[in-house]
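A.B. asks: 3D, please:
(one chain, ligands or ions: 1)
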Amino acid sequence: MSNHDFSKIYSHSKIELFNKCRKQYHFNYLDPDVAPIKKQFIKPRDYKTKGNAVHGAITLFYYLPKKKRSFDGLKECLKQAWFAETNMFLQPPLGLFGGFKDIDHERQAYLDSLKLLKNFLAIEEEQSPSLFYVPVKTIKKSFEDYEKMIKPINKKISISGKFDRIDELENGNLRVVDFKTGKSKNGINQLEFYKLLTELNFDKKVDQVTYYYLDDGKVKDYDVSKVKTGDIKKGILDKIKVIETAENFPPNPTRLCDHCDFKEICPVFK
Ligand code: SF4
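C.D. replies: So this is what the prediction gives:
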């Protein structure tokens, strides 16, 4: 059992969820009837299964001996990483447990995942990064990665998160790499959070945050070398203060509601 008080630990996605919809945040973290059993509300989603599988396959790829780090190696890794979050021991095809309406839907998602992995390999071969950190090999237990990264930013509050990969740059400083499996190009609001969390955990300076957009094989680098850690910390603490002093958690209905696991109990739709 973990000794952490998770109510005082904030990830970037936790903070973002509050800004997206306070009601969803409340269901997820605070509601005394819903939060303790929130796993029961989780719906399988095809895009989540695919995203987890591609991330998992890349992690497993890094544990292969170097000579096996090829597309054939990645294909084998994808087979191992194709699992359903809601039923981890089910063997493929995952069907409804993976969020797929039929076998053709699942097959297409699998082929799409192979395409993302092909794009990943092309970037990887071009960049040949010097690896500093990769997630745990036990991809179904990736919460361990989150727990290991928990760091206090003041006497009461801690932050944490999961990294896809961290590289060592030629000057000895670090760059954080994040793999994006969706079509959306957003994510730059995570940059500073990543920098702070990495520097707190590894006591090394982060110069760069890089996104691999696997859908089209593009790479985007952001220079964060000049951003002051103290400023990042202050910005995060300001946001957390708003969350911790909030008295109302109204729903914020948008088109994103279709992806909300609590839609069936949300007052807007009930
Ligand atoms: S269904 Fe929409 S409005 Fe309701 S909690 Fe979820 S995201 Fe918020």
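
A.B. asks: CA atoms for contacts and neighbours, from now on please.
C.D. replies: OK.

A.B. asks: Kindly provide the distance from the closest residue to residue 42 other than its chain neighbours to residue 268.
C.D. replies: Spatial nearest neighbour of residue 42, excluding adjacent residues (C-alpha to C-alpha, 6 or more residues apart in numbering): residue 261 at 5.5 Å. To residue 268, residue 261 is 14 Å away according to C-alpha to C-alpha, to the nearest Å.

A.B. asks: Give me the more crowded residue out of these two.
C.D. replies: residue 261 (19 against 12; other C-alpha atoms under 10 Å).

A.B. asks: so what's the residue nearest the centre of the chain up against?
C.D. replies: Centroid check for the chain by C-alpha atoms, centre = their mean gives residue 162 as the closest residue, at 6.2 Å. For residue 162, the contact set (C-alpha atoms under 8 Å, 6 or more residues apart in numbering) comprises 135, 145, 146, 149.

A.B. asks: Confirm it sits in a helix?
C.D. replies: No: applying DSSP: H, G, I helix; E, B strand; the rest coil, one finds residue 162 to be coil, outside a helix.

A.B. asks: so how far is residue 218 from the residue nearest to residue 42?
C.D. replies: 31 Å.

A.B. asks: do the same with residue 211
C.D. replies: Taking C-alpha to C-alpha, one finds residue 211 at 8 Å from residue 218.

A.B. asks: same question, residue 115
C.D. replies: From residue 115 to residue 218 the distance is 13 Å (C-alpha to C-alpha).

A.B. asks: of these two, who's got more company?
C.D. replies: More neighbours surround residue 115 than the other of residue 115 and residue 218, with 17 against 12 (other C-alpha under 10 Å).

A.B. asks: The more buried one: what's it in contact with?
C.D. replies: residue 215.

A.B. asks: And it, what's its pLDDT?
C.D. replies: For residue 115, the model assigns a pLDDT of 98.

A.B. asks: Correct me if wrong, but it is in a strand.
C.D. replies: No: secondary structure of residue 115 (three-state DSSP): helix, not part of a strand.

A.B. asks: Please identify the residue of the stretch 1-150 of the chain positioned nearest to the ligand.
C.D. replies: residue 24 (3.9 Å; C-alpha to the nearest ligand atom).

A.B. asks: Contact partners for that residue?
C.D. replies: Taking C-alpha under 8 Å, 6+ apart, one finds 17, 18, 251, 260, 262 in contact with residue 24.

A.B. asks: That one: what secondary structure?
C.D. replies: Going by three-state DSSP: residue 24 is helix.

A.B. asks: quick one: it from residue 5, how far?
C.D. replies: Distance of residue 24 to residue 5, computed by C-alpha to C-alpha: 20 Å.

A.B. asks: and what of residue 239?
C.D. replies: Residue 239 is 19 Å from residue 5, by C-alpha to C-alpha.

A.B. asks: between the two, which one's more packed in?
C.D. replies: Taking neighbours as other C-alpha under 10 Å, residue 239 and residue 5 compare with residue 239 leading, 14 against 10.

A.B. asks: The stretch 1-150 of the chain: helices as residue ranges?
C.D. replies: 12-20, 22-25, 46-62, 71-81, 103-127, 143-148 (DSSP state H, counting those that start in this stretch).

A.B. asks: Pull out the buried residues from the last one.
C.D. replies: By neighbour count, and taking 16 or more other C-alpha atoms under 10 Å as the criterion, the buried residues in helix 143-148 are 145, 146.

A.B. asks: Adjacent strands (with direction) for the helix or strand just after it?
C.D. replies: Per DSSP states H and E, helix 143-148 leads on to strand 151-152 as the next helix or strand towards the C-terminus. Under the criterion DSSP bridges, strand 151-152 sits next to strand 158-159 (antiparallel) in its sheet.

A.B. asks: Quick check: mean pLDDT of the strand it pairs with?
C.D. replies: The average pLDDT for strand 158-159 rounds to 98.

A.B. asks: before we move on, the earlier item: any idea of the pLDDT on the residue of the stretch 1-150 of the chain closest to the ligand?
C.D. replies: 98.

A.B. asks: Residue 116 - how many residues pack around it?
C.D. replies: Neighbours of residue 116 (other C-alpha under 10 Å): 22.

A.B. asks: can I assume it is in contact with residue 212?
C.D. replies: No: between residue 116 and residue 212 there is no contact, the gap being 10.3 Å when judged by C-alpha atoms under 8 Å.
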